[in-house]
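*Asks:* Show me the folded form of this:
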Amino acid sequence: MAKKDLGANIQDTPLNECLFHYNQWRDDNDNRRTRPNGWDAITDAYWGKLPDDWPYDSRVVDPRIRTTVIEKDARLLNNKLRGRLVPREGGDMLSARVNNALLEFQWDNANHGGTMLSKWKRTSQDTRLYASAFAYVCWKHEKDEDEILFDGNEFVPLDVRDSGLDPTCTNIRDAKWFQRREWAKVEDLEKDSKLYPGLSQLRSKLADRGSGGDRRDNAYQNRILQLKGLNDRVGNDRVFPTVEIVTEYRTDRWITFAPKYKVVLRDIKNPYDHHRIPIVQLTYYRITGDPWGESEIEPVLPLWRAIQANLCGYLDTMNIHMRPPLKIIEDQVRIETIVFGPEAQWLMNRQDSVMEYQGSPQPMQLFQTTHSALVQNFNNAMGDISQGVSNIDNTNPDKTATEIKQSTTQQNSRDQDNQNQLAEAIEDMMGMWLSNNRQFLFADKNKQEYILRILGSELFAYFKKAGMDEMELTPEAMQTIGDIITQQGGNLSEGDMNSLIEAGKTPKFPVYDNAYEENPSEIMAKTKMRVNDVGDGAEMSLVPEDLVGSYDYIADVKSMAIGANDALTKGLHQALEMITTNPQVAQMLMQEGVQPKIKDLFIAVLEQDGLNDAERFFPPAPPPEPANFNPMVPDPNIVNGGQDGVQLANGQVQTQGQPTQGNVSPQPLPQQGLPGGASADPSGIMSGQGGGPLQLPQ
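*Replies:* Numbering: from 1, shown residues only. This is a model prediction of the structure:
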């Protein structure tokens with residue numbers, strides 16, 4: 001389809017402006033896709049497709065690009081993200097932890113189209129192949145009649161072929177516009193007809209053309225489907241026709257239009273308070289002059305082809321040596337009898353009528369050297385470890401310890417650089433998520449709380465230590481209790497006192513179920529966090545005040561890398577060993593006024609090792625006994641006043657057959673299963689009928 005240059009008319013209408021931008025990025029993307037070593041060539045190499053004019057008979061491919069890309073993403077994105085919020089203006093650490101818990105909860109729930117980890121892997125893979133990848137950051141609200149199916153932040157990766165970036169920018173954050181193309185079903189658009197006022201005009205034009213919709217393969221060829229020998233059937237469904245729609249995101253407005261039908265479906269103000277283009281861009285290698293950056297695969301395509309050529313050439317040569325060509329004297333041999341096989345009979349007039357061609361073995365001897373050198377250069381270019389290839393001697397597959405250390409350092413350096421770019425993109429997304437939470441989480445005025453489930457010992461312990469599940473006596477309540485005691489003249493039993501105290505307690509961090517109740521006595525308050533019966537998790541109530549304040553999100557992307565848990569486990573074990581085996585460490589900590597929490601450290605070590613319920617191995621200790629306490633030598637008044645001791649003639653006291661020197665007898669041992677023997681009270685001491693006061697260890 002010919003593209004019209006709007007020229008000076010681009011400012012006439014919003015539609016003309018958008019069409020001008022549409023033609024720009026579509027031309028650019030077509031060139032990026034079809035040029036030499038472009039997107040299609042990169043996809044072919046990733047898939048393992050050799051060029052059609054391949055000069056070798058063998059077409060065996062070493063899938064080194066695919067392996068490298070998958071391993072890189074597996075190293076960087078292998079675990080759940082850990083991050084933290086740092087408070088700025090109007091924020092505090094406790095509120096930052098609460099908002100961080102909300103973001104972690106939303107990270108787990110944003111699973112439309114896959115988990116967040118799988119969606120970021122897809123984004124990272126496209127970035128390595130095609131220089132940049134983009135994702136749409138939105139607030140998704142799904143409702144079925146009166147039931148809310150989903151209400152929260154989402155992250156939607158975009159196809160690079162359907163992504164149009166302002167070519168004059170340096171990054172999405174300073175872009176004036178970004179266009180997102182969708183192949184939407186007409187039925188879905190009609191369900192959201194309120195969102196698209198221009199839908200009736202689009203229906204009219206579709207009816208006039210008698211078209212079943214727009215086919216995607218008319219815009220570009222899906223290379224993956226081509227390689228698989230499949231047809232692109234998007235837009236080929238007569239039951240559910242598809243139409244091409246494009247949304248141009250600007251900082252101040254959104255314009256959705258159908259470029260083929262020249263129809264504006266909507267033109268609205270940017271609905272998000274953050275006033276940003278709601279798109280995240282991931283670029284691993286930035287380059288001046290192109291906002292897309294640089295592909296990681298394009299520079300190594302010549303090396304990849306050289307590896308395949310060397311491999312296929314070697315196989316061709318090996319086949320020639322295994323079944324070499326034959327030199328035959330004409331008219332001296334019956335050609336049809338020359339068959340390679342056991343007990344074959346060749347009919348010829350002379351013994352030298354057939355001779356094997358003797359090729360040079362040198363190419364085969366040089367294969368290992370050439371292959372090792374090419375693979376080493378490829379891995380060095382990718383910043384990867386040259387597994388099984390020596391950097392010092394290419395013919396020696398063994399690697400020295402120094403080489404392994406140097407290669408690992410090289411790999412870690414490249415991975416760390418990638419992690420820095422990944423962290424910037426995730427922090428960009430989280431910044432928009434925070435803003436969306438403040439704007440939409442309590443958009444319904446009747447919604448006064450948002451329930452979070454708190455799992456995980458670290459976050460749970462922090463909120464519990466902060467007292468979010470505690471009840472406390474306010475000074476006003478204490479004054480009221482004192483007044484009641486004064487009015488009663490102090491004649492209150494212990495039970496009455498406890499009842500007054502319990503009745504006067506209020507939540508330390510209150511959450512009100514009916515905050516708009518006009519009668520203060522009818523307002524119902526509860527603690528901000530409610531611990532479950534097991535004591536290993538809780539529910540937390542978020543209120544609008546929790547979202548007030550400004551925060552910076554710090555993405556700990558190293559926690560997502562493979563082996564991050566191993567490093568943490570090793571560090572916890574080393575810390576536990578230092579504290580328990582080196583008394584100087586404990587002494588230095590005590591001098592600084594710090595007392596190590598050995599139990600918490602033990603639990604952290606066990607949980608990091610994979611034990612989910614480590615708390616059960618640390619029950620509360622029994623009350624400490626006095627230093628001079630001896631269960632066999634009780635208070636003489638108790639023994640003499642009771643009935644357990646039998647005084648002997650020599651002044652000894654016999655108890656349960658065990659004599660003890662002195663004038664006192666040992667107290668009988670308590671019965672098994674009865675703590676302290678309290679239920680066995682033969683002397684009547686517990687009921688106040690004994691000969692003396694009961695002495696119990698405190």
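
*Asks:* This structure - how does it break down into domains?
*Replies:* Here the domain parsing of the chain from automatic domain parsing is 454-553, 563-617, 627-698.

*Asks:* Show the contacting residues for residue 488.
*Replies:* By CB atoms under 8 Å, 6 or more residues apart in numbering, the contact set of residue 488 is empty. Using the backbone N, CA and C atoms, a C-beta is placed for each residue, glycine as well.

*Asks:* Against residue 101, how distant is it?
*Replies:* Distance check for residue 488 against residue 101: by CB to CB, to the nearest Å, it reads 45 Å.

*Asks:* next one: residue 312
*Replies:* From residue 312 to residue 101 the distance is 56 Å (CB to CB).

*Asks:* When the two are compared, which one has more neighbours?
*Replies:* Each of residue 312 and residue 101 has its neighbours counted (other CB atoms under 10 Å); residue 101 has more, 23 against 20.

*Asks:* Phi first, then psi, for the more buried one.
*Replies:* With angles defined as degrees, to the nearest 10, residue 101 sits at phi -60, psi -40.

*Asks:* Tell me how many other residues crowd residue 263.
*Replies:* 22.

*Asks:* give me the beta-bridge partners of it?
*Replies:* residue 258 (DSSP bridges).

*Asks:* so where is the stretch 151-300 of the chain shaky, pLDDT-wise?
*Replies:* 210-212 (pLDDT under 70).

*Asks:* Tell me where it has helices.
*Replies:* Here the stretch 151-300 of the chain has its helices, by DSSP state H, counting those that start in this stretch, at 186-191, 199-209, 223-227.

*Asks:* CSV please, covering those helices and showing mean neighbour count and distance to residue 354.
*Replies:* Converted to CSV, the helices of the stretch 151-300 of the chain look like this (neighbours: other CB atoms under 10 Å; distance: least, CB to CB, whole Å):
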stretch, mean neighbour count, distance to residue 354
helix 186-191, 13, 72
helix 199-209, 14, 71
helix 223-227, 16, 44
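
*Asks:* Using JSON lines, please lay out these together with distance to residue 142.
*Replies:* Compiled in JSON lines, the helices of the stretch 151-300 of the chain are given as follows (distance: least, CB to CB, whole Å):
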{"stretch": "helix 186-191", "distance to residue 142": "12"}
{"stretch": "helix 199-209", "distance to residue 142": "20"}
{"stretch": "helix 223-227", "distance to residue 142": "30"}
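
*Asks:* Could you point out the longest helix of the protein?
*Replies:* helix 401-440 (DSSP state H).

*Asks:* and that helix, what does it pack onto?
*Replies:* helix 64-76, strand 82-87, helix 93-109, helix 116-130, strand 133-144, strand 147-157, strand 279-282, strand 551-556 (3 or more CB pairs under 8 Å, 6 or more residues apart in numbering; DSSP states H and E).

*Asks:* After the shortest one, which helix or strand is next?
*Replies:* Beyond strand 279-282 in the direction of the C-terminus, DSSP states H and E gives the next helix or strand as helix 301-322.

*Asks:* what about the helices in the stretch 501-650 of the chain?
*Replies:* 564-581, 583-591, 598-608, 636-641.

*Asks:* what does the first one rub up against?
*Replies:* Residues external to helix 564-581 that are found in contact with it (CB under 8 Å, 6+ apart): 78-79, 558, 585-586, 596, 598, 601-602, 604-605, 608-609.

*Asks:* Give me the buried entries from those.
*Replies:* For the contacts of helix 564-581, a burial check counting by 16 or more other CB atoms under 10 Å picks out 78, 558, 586, 596, 601-602, 604-605, 608.

*Asks:* And these, which two are furthest apart?
*Replies:* Greatest spacing in those, by CB to CB: 78 and 586 (35.9 Å).

*Asks:* before we move on, what SS does the residue most central in space within the chain have?
*Replies:* Nearest to the geometric centre of the chain sits residue 80, at 3.2 Å (CA atoms, centre = their mean). Using DSSP: H, G, I helix; E, B strand; the rest coil, the structure places residue 80 in coil.

*Asks:* In contact with it, which residues?
*Replies:* 107, 117, 559-560.

*Asks:* Equivalent analysis for residue 448, please.
*Replies:* So residue 448 contacts 442, 512-513, 515, 543-544 (CB under 8 Å, 6+ apart).

*Asks:* Check those against residue 452 and report the nearest one.
*Replies:* The closest of the contacts of residue 448, once distances to residue 452 are taken by CB to CB, is residue 543, at 11.5 Å.
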